[in-house]
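> Here is the input, now give the coordinates:
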Amino acid sequence: MAISAKDVMELRKQTDCGMMECKKALADANGDFQKAVELLREKGLATAAKKAGRIAAEGMVYAAYCSECKVGVVLEVNAETDFVAKNDKFVQFVKDCAQVIMKENPADVEALMTCKMGAGTVDDALKGLILVIKENIKVRRFVRYEGVCAAYIHGGGTHAVLVNFDTDVADKEGFEAYGKDIAMQIAAVNPSYVCKEEVPAEALEKEKEILLAQMDNDPKNANKPQNIKEKMIQGKIGKFYKENCLVDQAFVKDGDLSVAQYTDKTAKALGGSIKIVKFQRFEKGEGLEKRQDDFAAEVASMAK
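Residues are numbered from 1 along each chain as shown. Below is the predicted model of the structure:
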């Protein structure tokens, strides 16, 4: 049967699929609009499966906090190319995922995929997005905190930070700016722990072993007595804390203050108490294999 341009346009409007894909779906469905939608969804599933093996290390990280429900989320959604991070539909999907995580509190990514989003599930929405964008897309990871939080996104989604606080001044003017400062500190300096009490004993012992080995390989220190070396190591451990523990780091906006001192100063000014409880910092594609494009081969293939 003849397929009208009006039906093709309407199907494209509802599904965001290409004109030819919509026309073919309508033809295969003998003009049945709902059947055509189902066929495109089925094709979306097939497309997602076909693309699932392709490397997805780009995309974006995102952080959000709801002051009304006092829940914060940071997550990473990956795609194959960095162009996708600028796609409005991709960005909206990431934001919608954050809202679902806030509301439903899924245990992990697998559980998130089964949560309701729109007319279907998150998994349905993801596969539909893959059909439209034509890239492999994956929700990689997320962290959800309850309580007072600060969220920060850097570089349009290259870095995202979520910080959790124990405080009685969250509603005071000035706290929001303080929270952003702490999140920006974490984004910039990348601490491993909140404070030295959080440093695992094995990590500390490993650091001491490294420092001792450095001394043994240094002609100036190699022959010094062991007790002297131990004292020197203790001094160097203090530097380790300042580099790796958030509250001991120099505050990036005022090097004369540590983060702990800046926190105490802010709490006093706001007339209450502030404690940094925990934080999560995501960097886009961190630890993932990056796709290596052969530009010359790509140009050659286009010239054929």
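
> now the stretch 51-200 of the chain, which segments are flagged as low pLDDT?
Scanning the stretch 51-200 of the chain for pLDDT under 70 picks out 51-57.

> if you set the cut-off to 90 instead, what comes out?
Low-confidence segments of the stretch 51-200 of the chain (pLDDT under 90): 51-58, 80-86, 119, 131-136, 155-156.

> quick one, helices of it?
88-104, 109-113, 122-133, 175-189 (DSSP state H, counting those that start in this stretch).

> Select, out of the ones you listed, the one closest to residue 224.
Proximity to residue 224 (Cβ to Cβ) singles out helix 175-189 among the helices of the stretch 51-200 of the chain, at 32.4 Å. Yep, even glycine has a C-beta here, placed from its N, CA and C like the rest.

> Domain map for this structure?
5-51, 60-189+279-283, 196-271 (automatic domain parsing).

> picking that back up, mind putting the helices of the stretch 51-200 of the chain into CSV with mean neighbour count and distance to residue 234?
Conversion of the helices of the stretch 51-200 of the chain to CSV gives the following (neighbours: other Cβ atoms under 10 Å; distance: least, Cβ to Cβ, whole Å):
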stretch, mean neighbour count, distance to residue 234
helix 88-104, 17, 43
helix 109-113, 16, 43
helix 122-133, 21, 50
helix 175-189, 19, 23
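
> would TSV of the ones you listed with distance to residue 67 be doable?
Output for the helices of the stretch 51-200 of the chain, formatted as TSV (distance: least, Cβ to Cβ, whole Å):
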stretch	distance to residue 67
helix 88-104	12
helix 109-113	23
helix 122-133	24
helix 175-189	9
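
> contacting residues for residue 15?
By Cβ atoms under 8 Å, 6 or more residues apart in numbering, residue 15 lies in contact with 22, 37, 40, 128, 131, 132.

> Please repeat the previous calculation with a cut-off of 7 Å.
The contact partners of residue 15, by Cβ atoms under 7 Å, 6 or more residues apart in numbering, come to 22, 37, 40.

> Out of these, list just those in helices.
22, 37, 40 (DSSP state H).

> so what's the first one scoring on pLDDT?
The one in question is residue 22. Residue 22 is assigned a pLDDT of 84 by the prediction.

> Now it: closest residue in space that isn't a chain neighbour?
Nearest residue to residue 22, sequence neighbours excluded (Cβ to Cβ, 6 or more residues apart in numbering): residue 11, at 4.2 Å.

> and the one you found, what is it in contact with?
With Cβ under 7 Å, 6+ apart, residue 11 has these contacts: 22, 25, 26, 33, 36.

> pretty sure the first one is touching residue 6, no?
No: taking Cβ atoms under 7 Å as the contact criterion, residue 22 and residue 6 are not neighbours in contact, 11.5 Å apart.

> what about the two, which has more around it?
Higher neighbour count among residue 22 and residue 6: residue 22, with 25 against 8, using other Cβ atoms under 10 Å.

> so how far is residue 37 from that one?
Per Cβ to Cβ, to the nearest Å, residue 22 is found 10 Å from residue 37.

> quick one: which helix or strand includes the closest residue in space to residue 3 that isn't next to it in sequence?
Among residues not flanking residue 3 along the chain, residue 26 sits closest, at 4.7 Å (Cβ to Cβ, 6+ apart). Residue 26 belongs to helix 19-28 when assigned by DSSP states H and E.

> and if you look at residue 275?
strand 274-283.

> Show me what that strand packs onto, helices and strands only.
The helices and strands touching strand 274-283, judged by 3 or more Cβ pairs under 7 Å, 6 or more residues apart in numbering; DSSP states H and E, are strand 71-78, strand 159-167, helix 175-189, helix 259-270.
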